[in-house]
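Colleague: got a structure for you, letters missing:
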């Protein structure tokens, strides 16, 4: 049995069921390369659940998961994952490998940046088009810009997640993401992300010092948003309640959101 | 202080932080009209947090929230909400009213059907277009069909939430939703939802007996999926890993998902 347990966004976000399943497990693995969990006290958690937590990296999960799967054939194995477990493609792949090996799987859900970020900004979930990730400049991709342009044409909001390379200790900041998007704008020229585009920075969603700031890109650019992770939201057409939420909860100037 | 606390999808889905905030609160309200929380033992929870939980309905939250806001001016008030708290527009509105009344607000995130349902189906979050809700036939709307058609034209998946009327004890079943969508098809004729469309039913996401079933609409139609809540997913273009996931986790016939 392999149980994927979501840790949510901070050290206190795991669910009561998640904690129970960790306690009942024979072996506990964890990964922290698909997302950030704030203030997670791993040693404290090991004491609470009464067993060690083995932190594994992307390479082990994707290339050499055999030890995990072998253990899961005869024991109850818990695998702790940032956010909601199955949002990351890498874990869908592991779950399929488990199924092929005849191992039963279960999922314990938890808070995800996908719903948390938009909730913090006060934007309505059913008005979001598809989301995309802004990659570091050494792995350039036009996808986030194209996704954004397509959503904007339909009046939809866009959630842009920012690249994370936990192995290198790097998480993209909102300012880096703005640079990447402005570069794509100057190349693709569809007017989707200019200095005069309204954008929202959500920093540290799920932590006690989460910060939400909405303004034109040219005014956001260069501001300090504190430590990562950050995400960017580019709103499409705003409902009047959403405009008010951006003023009240994200400090958007009245002349910018109407 | 008004703290919105997500309960997630089942009685054990609340986070450690959610439980701590309930314990620290002076007054605790809860609503169950925006979603379903499986097997939530309210009396047991009242004992654990040492105070009563006042269940309020939509009318109180939307029309007469004055008692809640007055209490929140001088006390710590917790408001328990199914899923992730700010996904429902009604709660964005309450949070804005609180801000207007000078009341500080906080959000404690939890699992949402938005990320849980797609994870259970093994579909990738960044390939979903916007979502929509299928309303009961007495409040007809073309929106879910139009959203679906627009997503399909772009090869994107669509999450269709199904109407819930907790006040009347009604939650739409997948079969009712299929009827509504087939009726819209016969009216709008864009080929987005026909008997030969591939669809996925996710029943009771987040519960121990969650069920995921993928097949052509004509084969899904009339099957029993057990008690609600149900959601429908209509996949767009499938990545080969997604096709495998639908076969392995949702019983999709090989000739249907390729």
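Modeller: Here it is on my side, so go on. Note that this is a predicted model, so its numbers are computed, not measured. Numbering: from 1, shown residues only, chains lettered A, B, ... in the order given.

Colleague: Leaving out chain neighbours, which residue sits closest to whatever residue of the stretch 101-250 of chain A ends up closest to chain B?
Modeller: Distances between the stretch 101-250 of chain A and chain B by CB to the nearest CB are smallest at residue A:119, namely 2.7 Å. C-beta coordinates here come from the backbone N, C-alpha and C atoms, glycine included. Spatial nearest neighbour of residue A:119, chain neighbours left out: residue B:86 (2.7 Å); criterion: CB to CB, 6 or more residues apart in numbering or on different chains.

Colleague: Kindly report the same for residue A:103.
Modeller: Going by CB to CB, 6+ apart, residue A:103 has residue A:72 as its nearest residue, at 4.6 Å.

Colleague: cool, residue A:172 as well?
Modeller: Residue A:172 sits nearest to residue A:162 (CB to CB, 6+ apart), 3.8 Å away.

Colleague: pretty sure the one you found contacts residue A:173?
Modeller: Yes - assessed by CB atoms under 8 Å, residue A:162 is found in contact with residue A:173 at 7.4 Å.

Colleague: Give the residues shared as contacts by those two.
Modeller: Common neighbours of residue A:162 and residue A:173, using CB atoms under 8 Å, 6 or more residues apart in numbering or on different chains, are A:228, A:230.

Colleague: Sketch out the helices for the stretch 51-200 of chain A, chain order is fine.
Modeller: Taking DSSP state H, counting those that start in this stretch as the test, the helices found in the stretch 51-200 of chain A are A:58-63, A:66-74, A:89-100, A:113-121, A:143-153, A:174-188.

Colleague: hey, which of the ones you listed is tucked in deepest?
Modeller: Ranked by mean neighbour count under mean count of other CB atoms under 10 Å in any protein chain shown, the helices of the stretch 51-200 of chain A are led by helix A:113-121, which reaches a mean of 27.

Colleague: what about it, average pLDDT?
Modeller: Averaging pLDDT along helix A:113-121 gives 93.

Colleague: and if you look at stretch A:126-136?
Modeller: Across stretch A:126-136, pLDDT averages out at 96.

Colleague: Kindly check the end-to-end length of it for me.
Modeller: Stretch A:126-136 has an end-to-end distance of 29 Å (CA to CA, to the nearest Å).

Colleague: nearest residue to residue A:177 other than its sequence neighbours?
Modeller: Nearest to residue A:177 is residue A:134, by CB to CB, 6+ apart, at 4.5 Å.

Colleague: Around the one you found, how many other residues sit close by?
Modeller: Neighbour count of residue A:134, defined by other CB atoms under 10 Å in any protein chain shown: 25.

Colleague: now residue A:211
Modeller: There are 18 residues near residue A:211, going by other CB under 10 Å.

Colleague: Repeat that for the one 5 residues further on.
Modeller: A total of 16 residues lie near residue A:216 under the criterion other CB under 10 Å.

Colleague: Find me the pLDDT at it, would you?
Modeller: Reported pLDDT for residue A:216: 98.

Colleague: Touching, the residue nearest to residue A:119 and residue B:4? I think so.
Modeller: Yes - using CB under 8 Å, residue B:86 is in contact with residue B:4, at 6.9 Å.

Colleague: what about those two, which has more around it?
Modeller: Set side by side, residue B:86 and residue B:4 show more neighbours around residue B:86, with 29 against 24, by other CB under 10 Å.

Colleague: now that one: how far from residue A:96?
Modeller: Residue B:86 is 32 Å from residue A:96, where distance means CB to CB, to the nearest Å.

Colleague: do residue A:222 as well
Modeller: 44 Å.

Colleague: And for residue A:226?
Modeller: Residue A:226 sits 38 Å away from residue A:96, going by CB to CB.

Colleague: next one: residue A:198
Modeller: Taken as CB to CB, the span from residue A:198 to residue A:96 is 40 Å.

Colleague: Over to residue A:140?
Modeller: Here residue A:140 is placed at a distance of 30 Å from residue A:96 (CB to CB).

Colleague: about what we covered before: quickly list what the residue nearest to residue A:172 is bridged to.
Modeller: Listed beta-bridge partners, residue A:162: residue A:134 (assigned using DSSP bridges).

Colleague: who touches it in this structure?
Modeller: So residue A:162 contacts A:133-134, A:171-174, A:176-177, A:228-232 (CB under 8 Å, 6+ apart).

Colleague: Kindly report the same for residue A:231.
Modeller: A:113, A:117, A:159-162, A:174, A:201-202, A:205.

Colleague: can you check residue A:163 too?
Modeller: Contact analysis of residue A:163 by CB under 8 Å, 6+ apart lists A:133-136, A:139, A:170-172.

Colleague: And the strands in the stretch 151-258 of chain A?
Modeller: Ranges of strands within the stretch 151-258 of chain A are A:158-162, A:164-165, A:170-171, A:198-203, A:211-216, A:230-234, based on DSSP state E, counting those that start in this stretch.

Colleague: The last one pairs with which strands?
Modeller: Strand pairing for strand A:230-234, using DSSP bridges, gives strand A:158-162 (antiparallel), strand A:198-203 (antiparallel).

Colleague: avg pLDDT for that strand?
Modeller: Strand A:230-234 comes out at a mean pLDDT of 98.

Colleague: next one: the first one
Modeller: Here the mean pLDDT over strand A:158-162 is 98, rounded to a whole number.

Colleague: quick one, that strand and helix A:174-188 angle?
Modeller: 120 degrees (axes from the mean of the first three to the mean of the last three CA atoms, to 10 degrees).

Colleague: gap between strand A:158-162 and the chain center?
Modeller: When C-alpha coordinates are averaged (CA atoms, centre = their mean, to the nearest Å), strand A:158-162 and its chain have centres 9 Å apart.

Colleague: okay, now the closest residue to residue A:91 other than its chain neighbours: neighbour count?
Modeller: Nearest non-adjacent residue to residue A:91, counting by CB to CB, 6+ apart: residue A:85, 5.6 Å away. Neighbour count for residue A:85, taken as other CB under 10 Å: 30.

Colleague: List the residues that contact residue A:85.
Modeller: A:4-6, A:79, A:91, A:107-110, B:119.

Colleague: swap in residue A:106?
Modeller: Residue A:106 makes contact with A:1-4, A:21, according to CB under 8 Å, 6+ apart.

Colleague: Could you rerun that using 6 Å?
Modeller: Shown in contact with residue A:106 (CB atoms under 6 Å, 6 or more residues apart in numbering or on different chains): residue A:3.

Colleague: Please tell me how far it sits from residue B:166.
Modeller: Per CB to CB, residue A:106 is found 28 Å from residue B:166.

Colleague: Chain B contacts on the stretch 51-200 of chain A?
Modeller: A:84, A:86-87, A:89, A:92, A:96, A:99, A:109-112, A:114-116, A:119, A:122, A:124-126, A:129-131, A:156 (CB under 6 Å from any CB of the partner chain).

Colleague: so who does the most centrally placed residue in chain A touch?
Modeller: Geometric centre of chain A, nearest residue: residue A:113, 4.4 Å, by CA atoms, centre = their mean. Each residue near residue A:113 by CB under 6 Å, 6+ apart is listed here: A:83, A:205.

Colleague: now do 10 Å
Modeller: Listed by CB atoms under 10 Å, 6 or more residues apart in numbering or on different chains, the contact set of residue A:113 reads A:8-9, A:35-36, A:82-84, A:87, A:120, A:131, A:159, A:161, A:202, A:205-206, A:229, A:231, B:109, B:115.
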